[in-house]
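1. model this:
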Amino acid sequence: MGHYSLIVSLLAADMALFLEGKNKRAFFSNIDSERPHQETSGILNRSVLWWLNSLFLTGYKKVLVLEDLCHLDEEIASEKPIANFETKWESASHVQKHRLVKTILLSLLRLFTAPVLPNLLVMGLTFAQPFLVSAMLDFIASTSESKEVGYLIVVGYAVVYVSKAICTAFYMHQLDRFGTTLRGCLVSIIYKKTLRLDLKEARRGESLTLMSADVEHIVKGFPLLHEISSNTTMTIIALGLLYRELGLAFIAPLVFSTILSLVSGLVAKPLMTRQMVWLEATEERVALTASTIASMKGVKILGLVDIVGSLIRKLRHKEVQSGKKWRIFYAIFTLLQTLSLSGTRWVTYTVFGLIALYGSGNGSLGVNRLFTSMAILNIFMERLEILIRQMPNIASAFGCIRRVELFLKAETKRDNRMIIESEHEAMDHSFGQELATIPRLTEAISIRNLSTGWTSDQAVLKDMTLQIPVGNFAMIIGPVGSGKSTLIQALLGETVTHKGFITMGSIDSIAFCAQTPWLVNKSIQKNILGTSLFDGPWYRKVLSACALFEDLKNYTAGDRTLVGSKGITLSGGQKQRIALARAVYSKKPIMLLDDIFSGLDPVTEETIFQSLLGADGILRGGSTTVVLATHAVHLLPSTDLLVVLGDSGNIMYQGTPANLPPNLVSMRDVSAVGEKYDPKMAALRVKEFSVDYENVEVSLHPESTIIDATTTDASRQTGDLRVYWYYLKTMGLKHALLFAILGAICMGFGPAQNLWLNAWASDEDSSHISYYIGIYNIYTCVYRMVLIGLATAYVAITFPFVLATFYFVQRFYLRTSRQLRFLDLESKSPLYTHFIESLSGLATLRGFGWEEEFKRQNNQYLQASQRPFFLLATIQRWLALVLNLIVSGIAIIVAIAAVQLRGSIDPGFLGLALVNIMTLGTSLQSLVSFWTDLETSIGAVSRIRAFSEKTPSEDPFHLPKAPVGWLGSGQIDIKHMYAGHGPDSEPVLHDINLSITPGQHVGICGRSGSGKSSLLSTIFRIMNVKSGSIVIDGIDISTIAINQYRGSINALAQDALFLPGTIRDNLISADSVDIPDEQLERVLQRTGLWDKVQDIGGLDAPLDAEASLSHGERQLFCLARAMLNKSRVVALDEFTSNVDIDTDKAMQKIIREDFGHNTILAVAHRLDTILDFDRIVVLDKGRIVEDASPSELLSYNSAFKALYDAYRSEKTN
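-> Next up is the predicted model:
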């Protein structure tokens, strides 16, 4: 009976093994097609990475896209390891040392320990190889052993080499699984921390460097901890075996390597320190580069391209110098590594010879002793080399871990608002502890005794008490710098509370529209929807209320049009309206709006205001509470609650506009200019000036969120040798030639050492030991002079197999590998973009309560980038496995040939061949490692080359500079000009004809999106002129150097631009300009900023404009900068949109006094500021519809009169 049970058990085990070995897709026809291949493959399939073959076949046949890549299994790709990682991090003690390292080990323990078993097997199989060499040489030397013994040795070679190849691939594959999961956890937790940063800290952009460069170093170095333990163990075992072969000579490599290891350890510490300095320099350069790219339009308009380029080059030089200091220590470290590798064998056999010469030992090495000891010594050197080579990577990883840990442990934004979570209790949002049990208030927002600001030592708003009832429309007004935007930010929980508190509904109840619109580089529709679900009728209603239909009508793709980075393809008004539409579409009960009408023309402003906040507006009559900070005092009569802020940040008045005290009545007064008008007629003209919204087609379905990764570039499969030539030319041909010569020397002297040792071992006469040591010293001394050595000499029989291997690699592996590298780079781009956009819009996405949704999006981009990242590493393991299996085949063939040719084969050369076969696998793996690193780098080089050579340049480098003294008068002639955003885009401006005489002041107006800013952009050569010409002072501007041209025109843009540096640096907008402090002080006093500058710390104090200056003060600062720039042509793009009426008047006064004799082109929405201009140009749909003096246009029912009457109507209501 027991026999039957045993048979049944064996059959069941066999069946289980058979089923485990089968591909599961063969059994389940309805299995999910996206199920990871690793999960459905059999155990043998997974062991030899056979499941990758389908990917290789696909990559061989076609150009790969992201959808062709198989999904990753849940253990490494799901949100479970990320959630576990974050839980472990949060639960760890905040003062714990090495907190992040412990979190990694505890949360990813199973994945971290998974490589241990295969690594132990690799260690055992590695040490079996010297014994096989010894056994084979004994068999060859013996004539009494039968061939059966030889074939048993051959079987041993087959088992050991094949098993080692499979175990090595499995071990490295497990390391890759751990590294991929670690990358996902780190990127996710860094992003999570980013969403909780203080706004000032977020502007530094530190997290972008951490999630890219630092995480890359950690993922590369941290898994190598396995190498430390295993290689240390193997070097100790190798020394023991070496003692068995060479006796006391084993002390030589021990002492030599110990000394070098100690010295290497001394070098490793400054190496890590200098790398941290290097990474910080990289971080600084990347932050400036990213902010410059995001603000490129402003940089170009102000003519700061050369200055910013110079700043970036200086930071790059600083980065290179920091990197050079690191490389000096790395070169020393590499030298020590090379000395260790080249010197160990020399020291060992020299000491062995000296002991034999002067001691009682046997000086004859003997073939068996030589090659067995050489095999063991190879293991010792190989493992020692790995230890030394990986130490910089491990040191770098721990340095980056420290940086990431400091970032994660840094203090986060404290939100001290009291959030009412239920009917009977209020919670402090930052700590989540119950503060008080209070009844639910009827106010949507309650502020009590609040003092708050941007720093802990200075309050902007002081002793503020304010209640805003549910459903009210509250308006906040006050002079520039009074704290209007700060109050909005305080309601968002972004400021530092000194005392008092704010009580409001849940954090998910707020919609926010910033003064500077935040848009992501997606379509108009996706920007409006945000994280909300698509609702067709409501979407159409919001588009109508925000006056976006006419703009969509002008775009071929409608609301699917991409807005570009920071909405660069849109006008300022369009960006504001899209951001406003997003806030309205969200249907949040509390809406915070920060000066949203500043960039809108009077008609559009009136249309939107009436649609949203008028008597029948979609935000009125319900429970929606609206808080609007604005300078548009003409809107006061429509508000339920008026809040007037004073210069010192206190509330001067709160109540209805009708009860405004006499001393504040001037706040709502506006100047009356022009003829008497009829409001009904103005409203009729506004209607005539509008578009028929019902006839405009818009998308009634949401867009897909799939990442577009399609490409037709066939060179991704076959490669492009021109990229290598491009790299070599950039590197410098003399450097490349020197590198090739040194490599050839290294290849020659390594094998020469082995051949000389073979000659020594074949000589039985001990008297020649000094001769052999001397010659060996010559080879070794020369070999030590080179930095990198390759110690493999291929036996002739291996040549066909090696050639066949590389042919296979070229034909099969590389076609897929190259493509995966491109996909890896491309899939990281949306992830990096998401980080950058989240940093720039942190206040907005937190205001909406979108943190969780954005974390979900980040995880989506992360998982998409994980697929090529992991598969790229896995196919490298597949390649190493194939090469090691071929090496196994070579070893088996050589072993069979040795058995068959026993008696006729030279034992010395056989031993040399067998030892070299051992190191051939290592050399091929090193080749694969360096090859794959080269592929990674060359993929990046290819993208750089494509960008530099294929991306159109706006300014051919051969264009000459304008002659000295040009632009002396300011005559502008535009003839039949058509312009668009790109070379292949539809024209935005049509048949523009203007002739502006020197000193003439020209106002440009029209509804939002009519082409006003586009006209100025074209004059600044931001947009492409498709036909026609722009001639200034007799020179076609397309024929002169663009940066010099832009710098010669004085510009004041709607969006203020600041560069990293001091107040002085930002005032002086040209290189090497020496302006005395008295003049700088004068312009700052005239703009009312001198006291502010002194509070900041003076002219040489660092300027953080967003933290130190309000929106209006930033515009005043830009005006001060413009006053220092002496140019005959001045372009003004709604530059007073962010200031109050009084400040506007002061700025207009300065313009007329300081630039009165200059040619001025001014885009204006406050139309009374251009009534004294010489001409008014009205644009509509990119065409000039009117061009005459203001008085002439106001004398009849012109388009300008309709705009002006609407503007007057708003101001006086």
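2. Residue 997 reaches residue 971, doesn't it?
-> Yes: between residue 997 and residue 971 there is a contact under C-beta atoms under 8 Å: 6.3 Å. For the C-beta atoms, the positions are set from N, CA and C on the backbone; glycine is no exception.
3. Just want to know which of the two has more residues nearby.
-> residue 971 (19 against 14; other C-beta atoms under 10 Å).
4. Distance check, residue 1206 against residue 1132.
-> 21 Å (C-beta to C-beta, to the nearest Å).
5. ok, residue 531 - contacts?
-> 848, 850, 853, 854 (C-beta atoms under 8 Å, 6 or more residues apart in numbering).
6. residues near residue 517, how many?
-> Residue 517: 26 neighbours (other C-beta under 10 Å).
7. secondary structure class for it?
-> Counting by DSSP: H, G, I helix; E, B strand; the rest coil, the backbone at residue 517 sits in coil.
8. and if you look at residue 404?
-> Per three-state DSSP, residue 404 ends up helix.
9. ok, now which ones touch it?
-> 100, 186, 190, 210, 214, 215, 218.
10. Are any of those residues buried, and if so which?
-> Taking 16 or more other C-beta atoms under 10 Å as the criterion, what is buried in the contacts of residue 404 is 100, 186, 190, 210, 214, 215, 218.
11. Dump those to CSV, plus pLDDT and secondary structure.
-> What follows is those, written out as CSV (pLDDT from 0 to 100; DSSP: H, G, I helix; E, B strand; the rest coil):
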residue, pLDDT, secondary structure
100, 92, helix
186, 94, helix
190, 93, helix
210, 87, helix
214, 88, helix
215, 91, helix
218, 92, helix
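12. contacting residues around stretch 1032-1047?
-> The contact list for stretch 1032-1047, computed with C-beta under 8 Å, 6+ apart, reads 300-306, 954-955, 959-962, 966-973, 1019-1021, 1025, 1029-1031, 1069-1070, 1129.
13. buried ones in that stretch?
-> Neighbour-count burial for stretch 1032-1047 [16+ other C-beta under 10 Å]: 1032, 1033, 1037, 1040, 1041, 1042, 1043, 1044, 1045, 1046, 1047.
14. could you pull out the strands for the stretch 501-650 of the chain?
-> Counting by DSSP state E, counting those that start in this stretch, one finds strands in the stretch 501-650 of the chain at the ranges 510-513, 590-594, 625-629, 641-645.
15. Just checking: what are the partner strands of the last one?
-> So the one you mean is strand 641-645. Paired with strand 641-645 in the same sheet, following DSSP bridges, are strand 473-477 (parallel), strand 651-655 (antiparallel).
16. re the thing from before, closest to residue 892 among the buried ones among the contacts of residue 404?
-> residue 218 (40.3 Å; C-beta to C-beta).
17. wait, doesn't that closest one sit right on residue 187?
-> No: taking C-beta under 8 Å as the definition, residue 218 is not a contact partner of residue 187, at 10.5 Å.
18. Report the central residue of this protein.
-> By C-alpha atoms, centre = their mean, the chain has its centre lying nearest to residue 832, at 3.2 Å.
19. Can you tell me the element that one falls in?
-> Here residue 832, judged by DSSP states H and E, is contained in helix 814-840.
20. what mean pLDDT does the helix or strand that that helix is followed by have?
-> Counting by DSSP H and E, the next helix or strand C-terminal to helix 814-840 is helix 842-847. Taken as a whole, helix 842-847 has a mean pLDDT of 89.
21. Tell me which other helices or strands helix 842-847 touches.
-> Under the contact criterion of 3 or more C-beta pairs under 8 Å, 6 or more residues apart in numbering; DSSP states H and E, helix 842-847 touches helix 199-202, strand 510-513.
22. Quick one: closest of those to residue 892.
-> Set against residue 892 and scored by C-beta to C-beta, these come closest in helix 199-202, at 60.7 Å.
23. Spatially nearest residue to residue 498, not counting backbone neighbours?
-> Among residues not flanking residue 498 along the chain, residue 451 sits closest, at 4.2 Å (C-beta to C-beta, 6 or more residues apart in numbering).
24. where does the one you found fall, phi/psi-wise?
-> In terms of degrees, to the nearest 10, the main-chain angles of residue 451 are phi -120, psi 120.
25. Surely it touches residue 496?
-> No: if you go by C-beta under 8 Å, residue 451 and residue 496 don't touch, sitting 9.8 Å apart.
26. Need the pLDDT of residue 1184.
-> Value for residue 1184, per-residue pLDDT: 93.
27. And the helix holding residue 832, what's buried?
-> Within helix 814-840, the residues that count as buried by 16+ other C-beta under 10 Å are 814-828, 830-831, 834-840.
28. Then stretch 559-566?
-> 559, 560, 561, 563, 565, 566.
29. Using JSON lines, please lay out those together with pLDDT and distance to residue 487.
-> As requested, these are exported to JSON lines (pLDDT from 0 to 100; distance: C-beta to C-beta, whole Å):
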{"residue": "559", "pLDDT": "87", "distance to residue 487": "33"}
{"residue": "560", "pLDDT": "89", "distance to residue 487": "37"}
{"residue": "561", "pLDDT": "86", "distance to residue 487": "35"}
{"residue": "563", "pLDDT": "85", "distance to residue 487": "29"}
{"residue": "565", "pLDDT": "77", "distance to residue 487": "30"}
{"residue": "566", "pLDDT": "76", "distance to residue 487": "25"}
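30. I'd guess residue 1132 is in a strand, am I close?
-> Yes: assessed by three-state DSSP, residue 1132 belongs to a strand.
31. which residues does the nearest residue to it once chain neighbours are set aside contact?
-> Using C-beta to C-beta, 6+ apart and skipping the chain neighbours, the partner closest in space to residue 1132 is residue 1162 (4.0 Å). By C-beta under 8 Å, 6+ apart, the contact set of residue 1162 is 1001, 1002, 1003, 1004, 1131, 1132, 1169, 1170, 1173.
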